[in-house]
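Participant: Pasting the sequence and the predicted model now:
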There are 2 protein chains.
Amino acid sequence: MAARENPASSRGKRGGKTVLADLSDAVQDYLREIYKLQAESGRVKTSTLAQQMGVAPPSATAMVKKLAALGLVDHELYRGVRLTRDGERIALELLRHHRLLELYLAQTLELGLDAVHAEADRLEHALSETLETLIDEALGSPTHDPHGDPIPDAKLRIVHAKGTPLSRLAAGERATVQKVPDRDAELLRYLTSLDLLPGRPVELVRAEPLGGPLTIRANGRETAISRQLADQIQVLS
Amino acid sequence: MAARENPASSRGKRGGKTVLADLSDAVQDYLREIYKLQAESGRVKTSTLAQQMGVAPPSATAMVKKLAALGLVDHELYRGVRLTRDGERIALELLRHHRLLELYLAQTLELGLDAVHAEADRLEHALSETLETLIDEALGSPTHDPHGDPIPDAKLRIVHAKGTPLSRLAAGERATVQKVPDRDAELLRYLTSLDLLPGRPVELVRAEPLGGPLTIRANGRETAISRQLADQIQVLS
DNA sequence: ACTAGTCTTTAGTTGTGCCTAAAAGACGAC
DNA sequence: GTCGTCTTTTAGGCACAACTAAAGACTAGT
């Protein structure tokens, strides 16, 4: 009973295919972060990775070597990393766990959009495949998490959203919010207060020139927001 | 962002009071196991602990020394351990997490009673206080988990069940199942098939003498079960 | 009361993932 | 094209929690 199944105990390969549960939490976290950084910028530098993971650069180097040895990333010395096909598969599995959890928590508890990401972060490594499947079924195989990010399906296919930044709307144009940032809790509380959330209608009232702020209408109220913020919000018209 | 908050990073004491989140998962697991063994048998021997935790005896000794240094157990050399007041508090916090999770999963997903324990075991360490509170509220501050075990309340008070073993009923007597074992998945699947679950009515039809099997009626069907199994099932008449 | 056997503890290693300090590589400025 | 700066990697350690092997302490059996 109570057999401890804890960090990094009895990991390895099963059969031929490396699988999520075979890898330590740390390895998984790095893969997820590399996936995210890669989507923004191609090859990922060790220093960027270290910074995002909140560790010292040598720690990131060490992990990168480990990931390369596992065949999960391509590492060119002094030139950063890129996920291999295997590495990407694992990152997507983790992303699926994460986003399903976000939606599950948001729907079954009174958990604000601002807190959902952090809670899912804590739980994602502990989610079994069994539970993943049950959550997926209970939620009706959802395609997007509460922030509007796509959830990879059971075969890990992911639909990359084709929304446009809110800042790209023309004055007077209406659209539906599709996606908001997921990590910044304070920002999310602010967006919640504005009702600027996925699925909600929004209208761009006017845009000040020269990169100035935008005035939007959401929930019947006009508010001025920075263009920089508007860039981070995706809408669908 | 994504600041890693992983096993045993930045633990210690906060203020004066040791708190669940300050302790590594391993420490928590040991405390929970000691709590459970202690309830059955007073002082807990190192070897028993090692066996239950699935580790070699020297590992248990090492952990016991650590727990003693943290003031969470009393350790008399060669004589086993007992939880201190602090140690018991932490064990109860963890137990609360565990049992709330069991109930939450059982109620919100199609998760069988047999699987609930194992899943909660995986998730309990990752449960934040915030989420604990929300789950408690969403479930209406429940007092018992799906196996019929009591859930410590927010102040960690716990009601020790006062049911009697099913084996103690007199022939012809009816009662309600109150509590079943929680760890043995196979057994729980069997009990589920018999409808011998917490809250369900049961009648002891007759008992063979000399420690022989008992015949019970549940869900309209008569079944013979061993006395040993009947000892593990608590009922309330 | 002694000794045989068992249980517990000590001693010493291992694997993970982090750290700091120092060396090596890459790259832009002159 | 070389020099200085900045980034990356190597080298060496530490904490945690597990392990095996061996020594020490209780307990029962004679």
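Facilitator: Structure's in. What do you need?

Participant: in the helix or strand harbouring residue A:36, what's buried?
Facilitator: Using DSSP states H and E, residue A:36 falls within helix A:25-41. Neighbour counts over helix A:25-41 (16 or more other Cβ atoms under 10 Å in any protein chain shown) mark A:25-38 as buried. C-beta: built from backbone N, CA, C; applies to glycine.

Participant: who in chain A is up against DNA strand C?
Facilitator: Proximity of chain A to DNA strand C, by Cβ under 7 Å from any atom of the strand, involves residues A:7-8, A:11, A:24-27, A:53-56, A:58-59, A:62-63, A:66, A:77-79.

Participant: Mind checking which of those residues land in helices?
Facilitator: Members of the residues of chain A next to DNA strand C lying in helices (criterion: DSSP state H): A:25, A:26, A:27, A:53, A:58, A:59, A:62, A:63, A:66.

Participant: what's the farthest-apart pair in those?
Facilitator: Within these, A:25 and A:58 form the most distant pair, 19.8 Å apart (Cβ to Cβ).

Participant: Which part of chain A gets nearest to DNA strand D, residue-wise?
Facilitator: Residue nearest to DNA strand D within chain A: residue A:47 (2.4 Å; Cβ to the nearest atom of the strand).

Participant: Let me know the distance separating the residue nearest to residue A:74 when sequence neighbours are not counted from residue A:64.
Facilitator: Distances taken as Cβ to Cβ, 6 or more residues apart in numbering or on different chains place residue A:82 nearest to residue A:74, at 4.9 Å, with adjacent residues excluded. Distance of residue A:82 to residue A:64, computed by Cβ to Cβ, to the nearest Å: 11 Å.

Participant: Would you map the strands across chain A?
Facilitator: A:73-75, A:81-83, A:164-165, A:174-179, A:201-207, A:214-218, A:221-225, A:234-236 (DSSP state E).

Participant: Need those strands in a markdown table (columns: distance to DNA strand D, mean neighbour count and mean pLDDT).
Facilitator: Output for the strands of chain A, formatted as a markdown table (distance: least, Cβ to the nearest atom of the strand, whole Å; neighbours: other Cβ atoms under 10 Å in any protein chain shown; pLDDT from 0 to 100):
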| stretch | distance to DNA strand D | mean neighbour count | mean pLDDT |
| --- | --- | --- | --- |
| strand A:73-75 | 6 | 19 | 97 |
| strand A:81-83 | 8 | 21 | 97 |
| strand A:164-165 | 29 | 14 | 96 |
| strand A:174-179 | 29 | 18 | 97 |
| strand A:201-207 | 35 | 17 | 96 |
| strand A:214-218 | 33 | 18 | 97 |
| strand A:221-225 | 32 | 14 | 97 |
| strand A:234-236 | 30 | 20 | 96 |
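
Participant: Tell me how far the residue in chain A positioned nearest to DNA strand C lies from residue B:25.
Facilitator: Residue of chain A nearest DNA strand C, by Cβ to the nearest atom of the strand: residue A:24 (2.8 Å). For residue A:24, the distance to residue B:25 equals 13 Å [Cβ to Cβ].

Participant: burial count for the residue nearest to residue A:226 when sequence neighbours are not counted?
Facilitator: Counting by Cβ to Cβ, 6+ apart, residue A:226 lies nearest to residue A:213, which is 5.4 Å off, once chain neighbours are set aside. Residues lying near residue A:213 (other Cβ atoms under 10 Å in any protein chain shown) number 16.

Participant: cool, residue A:150 as well?
Facilitator: Residue A:150: 17 neighbours (other Cβ under 10 Å).

Participant: follow-up on the earlier one: state the distance from the residue of chain A closest to DNA strand C to chain B.
Facilitator: 9 Å (Cβ to the nearest Cβ, to the nearest Å).

Participant: All set, thanks.
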